[in-house]
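J.: next one to model:
(2 chains)
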Amino acid sequence: MGKPKNSPSAPVESVSDRIAAEVERAIRRNVKGLEYLASPAPVVGATPKELLYKRGTLNLFHYLPMVDEVYRVPILIVMATSNRGYILDLAPGQSFVEFLLKSGYDVYLIDWTPPSAEEKSLRFEDYTLDFIPECVRRVRKDSGVKDLTLMGYCMGGVLATMYVSIHPKTQPKNLICFTTPISFPKMELFAKWSDKRYFDVDRLVDTLGNVPSEMIMSSFDMLRPASRIAGQLQLWENMWNDEHVKSFRMFERWSNDTLPLAGEYFRQTVKELIWNNSFDKGSLMIGGRRADLRNITSPILHVVAEHDHIVPYAASKRLIEQVGSSDKEEVVLKGGHISVVAGANAQRRLWPRLDAWLGVRSV
Amino acid sequence: MPEKPANDPGAGWRDMVAQWEKGINSLANQTMASDEFSSGTNSAMNVALRAQQVMGAAMSTYLATLNLPSRADVTAIADRLQTIESYMSRIAAALEAQQPPAKKRTPRLPKAGKPRRTKRPPAQITPT
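T.: Numbers count the residues shown, from 1 in each chain, chains lettered A, B, ... in the order given. Presented below is the predicted three-dimensional model:
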């Protein structure tokens, strides 16, 4: 009979057991470490989908249903412009999209590819008066349903709320936002780095056209400069654990897969949203229309993360405070900017809660 | 929550890494939140951008003299090609859609039969 293992009934292991376990881990760590260096990147975004529409940087996908009976109201997700949509579809069993499909939702996704040099002139107007309305029209046509739930992640949430606030007569059935900033000056480090006394955004955009992905990625990394090295150390320590390694590689791949931003869109973001804080103040004009958050009357759910270092709570809380909806809810969950929507914690904390909120509003 | 092993030799290392990460991030954030940092990095960026502008203009003139395309010219051609490819694939898709099913050569992603849109939530609750 073996010695008692670490369990509630026998919480204390012997020192010799512990040493044996650590030696075994050290061996496996070295073997797995060699495998890690030689193995290909993990497959992500594998849930079957079809491309419904593509125009330049814009891609509209429809995920193939996984069940015979779905809710009447389809979902249209607007991904953040700086990142790839596969964060919402990491791997089977860890995919938010797969969860939605299996829970009976019909899911469409607006995903972005790097804007071409010609697309440097794209502005908020293009996203909210052309791209999103065109996709809404196509989702309605494809699904045969006029209603839809609009869902946006980070800057995707900003674009979705801008779209609804300048189209008050065509409200979506529901609006769901994840970690969506409204008060941009409250993203204090970004605001500081783009201080108008020192930051010449005109020179940057006029020289480079589109803002390179390396610059976007560096700005995210600079918020937590030690975290990438700490992540590598944690990876080494957990190299024996296949699940940890797989998860690490998926998130690492995604965070390195940052997109460039269209130059004019970046210029507007800096001048209008950070310098003037005009979306929060209700003075943002898009194509001659005022983007007033009070125009949003759809039922709205805003999910924010307690430890979000990119969009702190002070920047995101203004959404629920300002919208005109009577049916509105803000959920603050443990986690960070990414882990609130993807990964094991999101699977446990967010997804079932979101299903409970959305299911009753999707019939 | 599972109980932590009493004699975990890795625990000290993990704590040390976590403390180091927290300390460095905190210190760096304080430094980067200063006017000096913002002014310094943006000045450096402006110098780099100015140099890039000057170099770009000089190289364009030089390449034009040699009757060679600049990077901007090549990128512009690549963009135009991409646009033409995109139009061609849309035309091909439109033509394909007009063909009778038997003549279709390229198999499309199998579209599942349209599901019924009649699902109700497990416990129907009236939204508040």
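J.: which helix of chain A spans the most residues?
T.: In chain A, ranked by residue count with DSSP state H as the criterion, the top helix is helix A:15-38.
J.: what packs against that one?
T.: Here helix A:15-38 touches helix A:227-237, helix A:242-256, helix B:9-32, going by 3 or more CB pairs under 8 Å, 6 or more residues apart in numbering or on different chains; DSSP states H and E. Using the backbone N, CA and C atoms, a C-beta is placed for each residue, glycine as well.
J.: let's see 6 Å
T.: Packed against helix A:15-38 by the contact rule (3 or more CB pairs under 6 Å, 6 or more residues apart in numbering or on different chains; DSSP states H and E) you find no helix or strand.
J.: distance from whichever helix or strand comes after that helix to the middle of the chain?
T.: With elements assigned by DSSP states H and E, the helix or strand that comes after helix A:15-38 is strand A:49-55. Offset of strand A:49-55 from its chain centre (CA atoms, centre = their mean, to the nearest Å): 20 Å.
J.: got the contact list for strand A:49-55?
T.: Identification of contacts with strand A:49-55 by CB atoms under 6 Å, 6 or more residues apart in numbering or on different chains yields A:60-63, A:138, B:109.
J.: between which two of these is the distance greatest?
T.: Using CB to CB, the contacts of strand A:49-55 reach their maximum pairwise distance at A:Arg138 and B:Leu109, which is 16.7 Å.
J.: return the residues of chain A in contact with chain B.
T.: Neighbours of chain B within chain A, by CB under 6 Å from any CB of the partner chain: A:6, A:11-13, A:15, A:18, A:22, A:50, A:64-65, A:68-72, A:104, A:116-118, A:192-193, A:195, A:198-200, A:203, A:207, A:224-226, A:230, A:233, A:359-361, A:363.
J.: from the contacts of strand A:49-55, keep the buried residues only.
T.: Buried members of these, counted by 16 or more other CB atoms under 10 Å in any protein chain shown: A:60-63, A:138.
J.: out of these, which is nearest to B:Ile84?
T.: Proximity of the buried ones among the contacts of strand A:49-55 to B:Ile84 was ranked by CB to CB; the top entry is A:Leu60 with 21.2 Å.
J.: which residues in the stretch 251-363 of chain A form helices?
T.: Assigned by DSSP state H, counting those that start in this stretch, the helices in the stretch 251-363 of chain A fall at A:263-268, A:278-281, A:313-316, A:318-322, A:344-349, A:351-359.
J.: longest helix of chain B?
T.: In chain B, ranked by residue count with DSSP H as the criterion, the top helix is helix B:35-65.
J.: orientation of the helix or strand bottoming out on mean pLDDT in chain B relative to strand A:49-55 in degrees?
T.: Scoring the helices and strands of chain B by mean pLDDT, DSSP states H and E places helix B:71-98 at the bottom, with a mean of 80. Between helix B:71-98 and strand A:49-55, the angle comes out at 120 degrees (axes from the mean of the first three to the mean of the last three CA atoms, to 10 degrees).
J.: helix B:71-98 near chain A at all?
T.: Yes: legend: contact between helix B:71-98 and chain A by CB under 6 Å from any CB is shown at B:75, B:79.
J.: quick check: angle from that helix to helix B:35-65?
T.: Using the same axes, to 10 degrees: helix B:71-98 against helix B:35-65 is 80 degrees.
J.: neighbouring contacts of stretch B:39-57?
T.: So stretch B:39-57 is contacted by A:198-200, A:203, A:207 (CB under 6 Å, 6+ apart).
J.: what's the burial count for A:Asp221?
T.: 13 (other CB atoms under 10 Å in any protein chain shown).
J.: how about the contacts made by it?
T.: With contact set as CB under 6 Å, 6+ apart, A:Asp221 has no partners.
J.: pretty sure it is in a strand, no?
T.: No: counting by DSSP: H, G, I helix; E, B strand; the rest coil, A:Asp221 falls outside a strand, being helix.
J.: state the distance from it to chain B.
T.: According to CB to the nearest CB, to the nearest Å, A:Asp221 stands 11 Å off from chain B.
J.: so what's that residue scoring on pLDDT?
T.: Among the per-residue scores, A:Asp221 holds a pLDDT of 88.
J.: do the same with B:Ile24
T.: B:Ile24 carries a pLDDT score of 90 in this model.
J.: how many residues are close by it?
T.: Other residues lying near B:Ile24 total 16 when counted by other CB under 10 Å.
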